[in-house]
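>>> got a predicted structure plus its sequence, pasted below:
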Amino acid sequence: AQSVTQPDIHITVSEGASLELRCNYSYGATPYLFWYVQSPGQGLQLLLKYFSGDTLVQGIKGFEAEFKRSQSSFNLRKPSVHWSDAAEYFCAVGSMNRDDKIIFGKGTRLHILP
Amino acid sequence: DGGITQSPKYLFRKEGQNVTLSCEQNLNHDAMYWYRQDPGQGLRLIYYSQIVNDFQKGDIAEGYSVSREKKESFPLTVTSAQKNPTAFYLCATDRGFNNEQFFGPGTRLTVL
């Protein structure tokens, strides 16, 4: 069965500092991987996705993520965070198999220090 | 302007009452989903529907019911059997082939 782990419940970084949010997954076949962002009281917005090909994917708002099959990871990165990046971030895993539903991690809340 | 609408944004209910949350989409997506979100628990799947007039239970279906009479609409009813209904409810859709989901803005339900 698929599973997704986001080890960090909360992360605090200073504005302008770099960011890495961790995501580990478990899935038997080639996964489809996603990162979503959620501002308080809002729905989820897709930041980026990986289906195949280049393992470094670029997303919106200056985010990128790297798929590492050997480590079963899909960590999200940003070189310099802005105060507006404060939000909750969800990693998710899916597949081309329609019988497998997308599975979301429990989320990492990002706090930004001025 | 394509998208997913959920109404109302905030909903208050007295204990023992049923309440229906609306989800409408004009993305022409086949599949629709309802999730419940509680602090620290991520998203939990309540029900989903991959085609009109068909739907399946998710992980926490007890106390909820749905219908899918039209492709565009997937309303969720929170019944009095749901013991702890206060939560944030999210509706989502996908095209049906790669699991990429699109989310509505959510409805916050509070039981008084």
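Yes, it's here.

>>> closest point of chain B to chain A, which residue?
Taking Cβ to the nearest Cβ, chain A has its nearest neighbour within chain B at B:N99, 2.8 Å off. Using the backbone N, CA and C atoms, a C-beta is placed for each residue, glycine as well.

>>> what sits against the residue lying closest to that residue once chain neighbours are set aside?
Using Cβ to Cβ, 6 or more residues apart in numbering or on different chains and skipping the chain neighbours, the partner closest in space to B:N99 is A:G94 (2.8 Å). Residues near A:G94 by Cβ atoms under 8 Å, 6 or more residues apart in numbering or on different chains: A:Q2, A:P31, A:Y32, A:L33, A:F34, A:D100, A:K101, A:I102, A:I103, B:N98, B:N99, B:E100.

>>> and B:A61, by the same measure?
Per Cβ under 8 Å, 6+ apart, neighbours of B:A61: B:I46, B:Y47.

>>> can I assume it sits in a strand?
No: per DSSP: H, G, I helix; E, B strand; the rest coil, B:A61 lies outside any strand segment and is coil.

>>> quick revisit: beta-bridge partners for the residue nearest to B:N99, please?
A:Y32 (DSSP bridges).

>>> how about low-confidence regions in chain B?
B:1-2, B:97-98 (pLDDT under 70).

>>> how about the residues of chain B near chain A?
Within chain B, the positions near chain A by Cβ under 8 Å from any Cβ of the partner chain are B:4, B:6, B:40-43, B:45, B:48, B:50, B:58, B:88, B:90, B:92, B:94, B:96-106, B:108.

>>> rerun at 10 Å
B:3-4, B:6, B:9-10, B:31, B:33, B:35, B:37, B:39-45, B:48, B:50, B:56, B:58-59, B:88, B:90-92, B:94, B:96-106, B:108 (Cβ under 10 Å from any Cβ of the partner chain).

>>> check pLDDT for the contacts of A:G94 and point me to the minimum.
For the contacts of A:G94, the weakest pLDDT value sits at B:N98, with 66.

>>> contacting residues around the residue most central in space within chain B?
Per Cα atoms, centre = their mean, the C-alpha nearest to the average position across chain B is that of B:W34, at 3.0 Å. B:W34 makes contacts with B:21, B:23, B:44-49, B:55, B:58, B:60-61, B:64, B:66, B:74-76, B:89-92, B:104, as judged by Cβ atoms under 10 Å, 6 or more residues apart in numbering or on different chains.
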